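A.B. asks: no sequence on this one, just coordinates:
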DNA sequence: TTATAGATTGCCT
DNA sequence: GGCAATCTATAAT
């Protein structure tokens, strides 16, 4: 196991970083994603999103996600059917679906369900594990992070984590996260959350009552608008 | 062709 | 807590 779920200021980024060797971090396999979005959401909590760029690793533990279902979920981009924008949702499982929102932010999903059926998991918050200085640089923040409140600004929120990992539609949309050749992947270090909390999704108006948001209970890096 | 809402964030009061 | 920023997709004219 790499690190527990709670960030400790005593664990410096350098100490955390030496634990990682990108080549040995096998991406989670395609079959993992070929399931419904609710199951995939629960299973993804505690896994680690990893980016390799310029020989450096950025990694963050997944602590908050939301499930978006297929054509019957009014809040899902798949609701309108397959389009040039959302085709990834209908494609093979384990691919990155990246969209641009509010003229300012990218958001990252991973496609679920077998090919032909839509469904995805939105990444809403990560707990930084490695490459914190790189994340801070990408976010335009001070790299000398002393407090948890500062580290939270790196990846607590879907737009924030995308920026921290340099995720864009042009670069990452439809990327196969299960490929050994991918610079963006999700890995399993054996960590399992003690408790998962289920709540309504955040920031949507359609089907807002559906409880399809999942968070690791008590984790300090869950996005601010959280309603546990 | 024009209008509007959107799976957000950060700054201002 | 309110609201501007700023682009895209989709609905309305």
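C.D. replies: Now that the structure is in, tell me what you want to look at. What you see is a predicted model; the values in this text were computed from it and never measured.
A.B. asks: Stretch A:46-62 vs DNA strand B: in contact?
C.D. replies: No: Stretch A:46-62 does not reach DNA strand B (Cβ under 7 Å from any atom of the strand); its nearest approach is 13.2 Å. (Glycine included, C-beta is placed from N, CA and C.)
A.B. asks: Tell me which residues of that stretch come out buried.
C.D. replies: Residues of stretch A:46-62 classed as buried: A:46-52, A:57-62 (neighbour count, 16 or more other Cβ atoms under 10 Å).
A.B. asks: Going by distance to residue A:116, which of those wins?
C.D. replies: Using Cβ to Cβ, residue A:47 comes nearest to residue A:116 of the buried residues of stretch A:46-62, at 25.0 Å.
A.B. asks: Do I have it right that that closest one meets residue A:61?
C.D. replies: Yes: the pair residue A:47 / residue A:61 is scored as a contact, 7.4 Å apart, by Cβ atoms under 8 Å.
A.B. asks: Return every residue with contacts to both of the two.
C.D. replies: By the contact definition Cβ atoms under 8 Å, 6 or more residues apart in numbering, residue A:47 and residue A:61 are jointly contacted by residue A:191.
A.B. asks: What is the most widely separated pair among the buried residues of stretch A:46-62?
C.D. replies: A:46 and A:52 (20.9 Å).
A.B. asks: just checking, residue A:212 touches residue A:42?
C.D. replies: No: using Cβ under 8 Å, residue A:212 makes no contact with residue A:42, being 10.8 Å away.
A.B. asks: Who has more neighbours out of the two?
C.D. replies: Neighbours were tallied for residue A:212 and for residue A:42 using other Cβ atoms under 10 Å; the higher tally belongs to residue A:212 (24 against 16).
A.B. asks: what residues are up against that one?
C.D. replies: Contact analysis of residue A:212 by Cβ under 8 Å, 6+ apart lists A:37-38, A:41, A:66-69, A:198, A:200-201.
A.B. asks: from those, which ones fall inside strands?
C.D. replies: If you go by DSSP state E, the contacts of residue A:212 have A:66-68, A:198 in strands.
A.B. asks: Most neighbours out of the residues you listed, which is it?
C.D. replies: residue A:67 (27 neighbours).
A.B. asks: Setting aside sequence neighbours, what's the nearest residue to it?
C.D. replies: residue A:37 (3.8 Å; Cβ to Cβ, 6 or more residues apart in numbering).
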